[in-house]
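Engineer: Predicted model, plus sequence, below.
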Amino acid sequence: MNPARAIVCLVCFTLFPVVAFASDPGQQKPVSGKTVTARVENGDTLLLIELEPFDVVAPRVFDSRLEAWRYNRLVRNVKAAYPFAKLAGEMFEEYGEYIMSLESDRERRRFTREMERAIREELEDDLRRLTVTQGFILIKLIDRETRHTTYEILKDYRGNFSAIFWQSLSRLFGLNLRTEYDPYGSDRMIEEIVQMIEADQL
């Protein structure tokens, strides 16, 4: 396997370590909802609902075909990577405390290895379809969703040696696992695309 693709796959498998610990599918889940106010007018009950703010984005105008092609390629790459990042963020939030509550690094590593096997069965084919570029974008988006760099997550779940090893190998391919997601700087366009995806505008 291409070493850069191997890095992407390892990071993904490390960051999705909890699928097998999902709640029992037969368990009844609470109904989510929102309380709203109402008023009666001419015998009709009218619900008063405050809508969430949303952004309206004007169609992008490009100076050249090359610029349009680059933007459309970035949109495709972000759309391919974002669902995995979203899943990682949800799992990290739900199970991160449990994993860190395990008493030793050895227990955490054993738990992570067990979960990697479950993840491989569930997501490996989809993750392997990602291009290297999509994998690098995924690593950035995982930082966005978890608020932890890939290096920090590898260190916490795989140990310091593993984090240093994969960081050193990643640097050979121009990737820094310590890089933080920068929605107002270098990742501004990715952030714009993500927000449009979340608003169902893409």
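Structural biologist: It's in.
Engineer: what kind of secondary structure is E103 in?
Structural biologist: Secondary structure, DSSP: H, G, I helix; E, B strand; the rest coil: E103 is coil.
Engineer: er, L154 I mean
Structural biologist: Three-state call for L154 (three-state DSSP): helix.
Engineer: nearest spatial neighbour of it, skipping sequence neighbours?
Structural biologist: A163 (4.1 Å; C-beta to C-beta, 6 or more residues apart in numbering). Any C-beta I mention is one placed from the backbone N, CA and C, and that applies to glycine too.
Engineer: I'd like to check which residues are in contact with the one you found.
Structural biologist: Shown in contact with A163 (C-beta atoms under 8 Å, 6 or more residues apart in numbering): Y151, E152, L154, K155, L177.
Engineer: how about low-confidence regions in this protein?
Structural biologist: Within the chain, the segments meeting pLDDT under 70 span 1-33, 54-56, 95-96, 116, 119.
Engineer: re earlier: of the contacts of A163, closest to A58?
Structural biologist: L177 (35.9 Å; C-beta to C-beta).
Engineer: thought that closest one was touching T150?
Structural biologist: Yes. Using C-beta atoms under 8 Å, L177 makes contact with T150 at a distance of 4.4 Å.
Engineer: Those two: which is more packed in?
Structural biologist: Neighbours per residue (other C-beta atoms under 10 Å) separate L177 from T150, with T150 holding more: 27 against 23.
Engineer: Can you give me the separation between that one and Y184?
Structural biologist: Per C-beta to C-beta, to the nearest Å, T150 is found 20 Å from Y184.
Engineer: where does the most centrally placed residue in the chain sit relative to E103, distance-wise?
Structural biologist: Residue closest to the mean C-alpha point of the chain, counted by C-alpha atoms, centre = their mean, is A85 at 1.4 Å. To E103, A85 is 30 Å away according to C-beta to C-beta.
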